[in-house]
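**Student:** this is a predicted model, with the sequence first.
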Amino acid sequence: MRYSKGFKISILKKILPPSEKSVPEVSKETGVSQQTIYNWLNLLKNGKLENDDSEVSPSDRNPKEKFRLLIEGKSIDQESLGAWLRENGLHSEHLNQFEQELRDIVSDQNEKYKEENKRLKKEKAALEKELRRKEKALAEMAALLTLKKKAEEIWGADEED
């Protein structure tokens with residue numbers, strides 16, 4: 001999975017001073033594997049991942065990050081919400097925006113599934129119609145073959161065949 005630079009920085013801020021939480025604790029909290037966090041720490045130490053304190057734009061976050069932030073934000077009481085929003089570089093309207101974006105994504109998926117279901121139903125109906133036609137043709141051929149055999153029994157084999 002690819003994470004945005006801002007997400008990586010926000011995870012690393014929880015590990016580095018002044019917070020200084022443990023990597024396993026942050027891993028459990030965020031759902032990012034410990035090895036991934038250690039890799040990000042190495043990148044930061046080697047200078048390949050800049051620790052800039054600039055605010056990450058909410059539009060730069062992927063839907064998974066937005067969902068995680070939305071769930072976290074909704075679970076925090078109103079008194080602690082302000083501090084949590086500042087810590088994550090968000091404003092209260094961003095949570096509403098994330099919620100609407102995720103609702104739109106789910107709605108789009110729902111419409112996509114409805115269209116797919118409609119298409120499959122039409123395809124199924126066409127296949128069933130074709131199957132009925134072929135079954136009728138097969139039954140007709142079986143009846144003709146049976147009649148031919150009975151005719152040969154009654155009148156004998158046709159010499160022209």
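**Tutor:** Good, I have the coordinates. None of the values given here were measured: they were computed from a predicted structure.

**Student:** and Gly82, what helix or strand is that in?
**Tutor:** Secondary structure from DSSP states H and E places Gly82 in helix 78-87.

**Student:** and that helix, what does it pack onto?
**Tutor:** In terms of contacts (3 or more CB pairs under 8 Å, 6 or more residues apart in numbering; DSSP states H and E), helix 78-87 is packed against helix 63-75, helix 92-155. (C-beta placed from N, C-alpha, C; glycine too.)

**Student:** deepest of those, which one?
**Tutor:** Burial of the helices and strands packed on helix 78-87 is given as mean neighbour count (mean count of other CB atoms under 10 Å); helix 63-75 ranks first at a mean of 15.

**Student:** give me the contacts around that helix.
**Tutor:** With CB atoms under 8 Å, 6 or more residues apart in numbering as the test, helix 63-75 has contacts from 1, 3-4, 7, 30-31, 58, 61, 81, 84-85, 88, 90, 95, 98-99, 101-102, 105.

**Student:** rewinding a little: dump the helices and strands packed on helix 78-87 into a markdown table; add distance to Val26 and mean pLDDT as well.
**Tutor:** Shown next, in a markdown table, are these (distance: least, CB to CB, whole Å; pLDDT from 0 to 100):
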| stretch | distance to Val26 | mean pLDDT |
| --- | --- | --- |
| helix 63-75 | 13 | 85 |
| helix 92-155 | 21 | 93 |
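
**Student:** for these, give me a markdown table that also has distance to Leu44.
**Tutor:** Converted to a markdown table, the helices and strands packed on helix 78-87 look like this (distance: least, CB to CB, whole Å):
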| stretch | distance to Leu44 |
| --- | --- |
| helix 63-75 | 19 |
| helix 92-155 | 25 |
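
**Student:** with just CA atoms, put the helix holding Gly82 into CSV.
**Tutor:** Extracted C-alpha coordinates of helix 78-87, given in CSV (Å, rounded to 0.1, in the frame of the first residue of the first chain):
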residue,chain,number,x,y,z
GLN,A,78,-15.6,17.5,21.9
GLU,A,79,-13.1,18.7,24.5
SER,A,80,-10.2,16.9,23.0
LEU,A,81,-11.3,17.3,19.4
GLY,A,82,-9.6,20.7,19.0
ALA,A,83,-6.2,19.4,20.1
TRP,A,84,-6.6,16.2,18.0
LEU,A,85,-7.5,18.3,14.9
ARG,A,86,-4.4,20.6,15.4
GLU,A,87,-2.2,17.5,15.8
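
**Student:** fine by me, thanks again.
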